[in-house]
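**Student:** missing the sequence, but the structure's below:
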């Protein structure tokens, strides 16, 4: 199964984990979409600064702190992904409960380590 992934909180800075995540997903041959504060390109993947209508998103992986996630709740719920990954530092009980209550799997883990370890 193709695990189309949406990275939210993507950074154009190579030192940021969200940037490394995009590179790791591309290396693992996973289709990637990315949203961030600034538009640009990471590993051939466009980073968009505006919401796009996306279909068939399997996984959303978050690189936003809980205080910046609220504006994304409705959008992510509308995407109805199979799972949402809360990377270290992004854990958010309120949003995690909301997702779980709608049948979306909630994962607290590091996306990069999941891909590299074959657990993605």
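**Tutor:** Received the coordinates, thanks. Fair warning: this is a prediction, and the values are worked out from it, not measured in the lab.
**Student:** For the rest of this, base every contact and every neighbour count on C-alpha atoms.
**Tutor:** Noted.
**Student:** Buried residues, the longest helix along the chain. List them.
**Tutor:** Longest helix of the chain, by residue count under DSSP state H: helix 17-27. Neighbour counts over helix 17-27 (16 or more other C-alpha atoms under 10 Å) mark 17-26 as buried.
**Student:** list the helices and strands it packs on?
**Tutor:** strand 5-10, strand 32-36, strand 40-42, helix 111-116 (3 or more C-alpha pairs under 8 Å, 6 or more residues apart in numbering; DSSP states H and E).
**Student:** now those as a markdown table including distance to residue 100, mean pLDDT and mean neighbour count?
**Tutor:** As requested, the helices and strands packed on helix 17-27 are exported to a markdown table (distance: least, C-alpha to C-alpha, whole Å; pLDDT from 0 to 100; neighbours: other C-alpha atoms under 10 Å):
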| stretch | distance to residue 100 | mean pLDDT | mean neighbour count |
| --- | --- | --- | --- |
| strand 5-10 | 18 | 98 | 24 |
| strand 32-36 | 23 | 98 | 22 |
| strand 40-42 | 31 | 98 | 16 |
| helix 111-116 | 19 | 98 | 16 |
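**Student:** Looking at the ones you listed, which is nearest to residue 58?
**Tutor:** Of all those, it is strand 5-10 that lies closest to residue 58, at 6.0 Å by C-alpha to C-alpha.
**Student:** which other helices and strands contact that closest one?
**Tutor:** Other elements packing on strand 5-10 under the criterion 3+ C-alpha pairs under 8 Å, 6+ apart are helix 17-27, strand 32-36, strand 59-62.
**Student:** Could you check the angle the second one makes with helix 17-27?
**Tutor:** Between strand 32-36 and helix 17-27, the angle comes out at 170 degrees (axes from the mean of the first three to the mean of the last three C-alpha atoms, to 10 degrees).
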